[in-house]
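S.K.: Need a 3D model of the sequence below.
(one chain, ligands or ions: 3)
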Amino acid sequence: MQVLKLGLPKGSLEKATIELFEKAGWLIKPAARNYFPKIDDPELDCSICRPQEMSRYIEGGMLDAGITGKDWTEENESEAVIVADLIYSKVSNKPTRWVIAVAGDSEIRSIEDLQGKRVATELVNVTRRFFASRNIAVDIEFSWGATEAKVVSGLADAIVEVTETESTIRAHGLRIIHELMESNTQLIANKDAWNDPWKRQKIENISLLLQGALRADRIVGLKMNVENTNLDQLVSILPSLNAPTIAPLYQSTWFSVETVVSEDIVRDLIPRLIARGAEGIIEYPLNKVI
Ligand SMILES: Nc1ncnc2c1ncn2[C@@H]1O[C@H](COP(=O)(O)OP(=O)(O)OP(=O)(O)O)[C@@H](O)[C@H]1O
Ligand SMILES: O=P(O)(O)OC[C@H]1O[C@H](OP(=O)(O)OP(=O)(O)O)[C@H](O)[C@@H]1O
Ligand SMILES: [Mg+2]
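M.R.: Ligands and ions are numbered 1, 2, ... in the order given. Prediction:
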């Protein structure tokens, strides 16, 4: 039997990734202190790997495919096939941003003011390329972490750091002066694996189901009954991914109406549906939308 070597990210993205795979149809069971989690698919061989290193192992063929951040693939300048953008992070389903930030009371206002200054970051190569492209000479220092603290304690004049909710930036009283790039989670693959028909099909199947599971996040199914005379006025206020499904109820003047809507509008929508004659409304979660 053929097996695909799949890399899963350790750290920030680990929990969200395992949950996404579960929604997509694969149960991953992490074992304590072991970096080879079990998965209920004999065609997959999973390894947990730091997102910072993932693209290098994929480029080298030690892994066939993996989930990592676009930021680290760019940092490593790795040659890999970008199979799919999977827009999720640690706590949200939004991209993350790499920003240049300074202490709140700093005199630095623009990136030009950083000429000759010290910048701390984990993302050294991207940062170096950015300042070189702007012809601004800065002293870039690799940071092992807790980077936000460095501008507060004076260890650096500015930092280049990833932010998702900006809560860490705010908690340190920092000021963002520039956005360097946006990043998101991606499924990437080794070039040879992509050219192998079996592996490619397997990677494409994973990609399809992961994207379907992501799309199903925060949307729900709504189903209700409505009498013939109220049908048009009810359907006219229904948002829908596609046109709603309308089916007659057996030996009745009533119809069943079914649609898929964004979860956050449901609380406003339900009272309006009732006002237009909807009865027996049910809301249900979705696993995948393909
Ligand atoms: N809130 C977040 N903080 C940091 N990274 C995030 C966040 N949300 C998503 N990411 C993404 O997760 C990936 C891994 O993040 P990072 O490089 O910080 O490693 P980590 O898993 O957080 O480990 P570490 O503890 O070393 O920071 C990156 O691609 C990054 O863009
Ligand atoms: O904008 P926010 O939502 O506050 O997220 C940004 C923070 O999250 C990351 O840290 P992480 O949680 O990965 O911890 P770390 O310090 O171990 O990297 C990142 O390094 C920032 O410190
Ligand atoms: Mg981190």
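S.K.: element containing R200, please.
M.R.: Assigned by DSSP states H and E, R200 belongs to helix 197-216.
S.K.: Listing partners with orientation, what would you give for whichever helix or strand comes after that helix?
M.R.: Of the helices and strands lying after helix 197-216 in sequence (DSSP H and E), the nearest is strand 219-227. Note on strand 219-227: by DSSP bridges, its sheet partners are strand 254-262 (antiparallel), strand 279-285 (antiparallel).
S.K.: Could you single out the most deeply buried of those?
M.R.: The highest average neighbour count among the strands paired with strand 219-227, using mean count of other Cβ atoms under 10 Å, belongs to strand 254-262 at a mean of 17. In this view, the C-beta of every residue, glycine as well, is placed from N, C-alpha and C.
S.K.: Direction-wise, compare that strand with helix 197-216 and give the angle.
M.R.: 100 degrees (axes from the mean of the first three to the mean of the last three Cα atoms, to 10 degrees).
S.K.: rewinding a little: can I get the CA coordinates of the helix holding R200 in PDB?
M.R.: Output of helix 197-216 as PDB, limited to C-alpha atoms (Å, rounded to 0.1, in the frame of the first residue of the first chain):
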ATOM      1  CA  PRO A 197      -0.300  10.400  -9.600                       C
ATOM      2  CA  TRP A 198      -1.200   8.500  -6.400                       C
ATOM      3  CA  LYS A 199       0.300  11.000  -4.000                       C
ATOM      4  CA  ARG A 200      -1.200  13.900  -5.900                       C
ATOM      5  CA  GLN A 201      -4.700  12.400  -5.800                       C
ATOM      6  CA  LYS A 202      -4.300  11.800  -2.100                       C
ATOM      7  CA  ILE A 203      -3.100  15.400  -1.500                       C
ATOM      8  CA  GLU A 204      -5.900  16.800  -3.600                       C
ATOM      9  CA  ASN A 205      -8.500  14.800  -1.600                       C
ATOM     10  CA  ILE A 206      -7.100  16.100   1.600                       C
ATOM     11  CA  SER A 207      -7.100  19.600   0.200                       C
ATOM     12  CA  LEU A 208     -10.700  19.300  -0.900                       C
ATOM     13  CA  LEU A 209     -12.000  18.000   2.400                       C
ATOM     14  CA  LEU A 210     -10.000  20.500   4.500                       C
ATOM     15  CA  GLN A 211     -11.300  23.400   2.400                       C
ATOM     16  CA  GLY A 212     -14.900  22.000   2.700                       C
ATOM     17  CA  ALA A 213     -14.500  21.800   6.500                       C
ATOM     18  CA  LEU A 214     -13.200  25.400   6.600                       C
ATOM     19  CA  ARG A 215     -16.100  26.600   4.500                       C
ATOM     20  CA  ALA A 216     -18.600  24.900   6.800                       C
END
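S.K.: With that, I have no additional questions.
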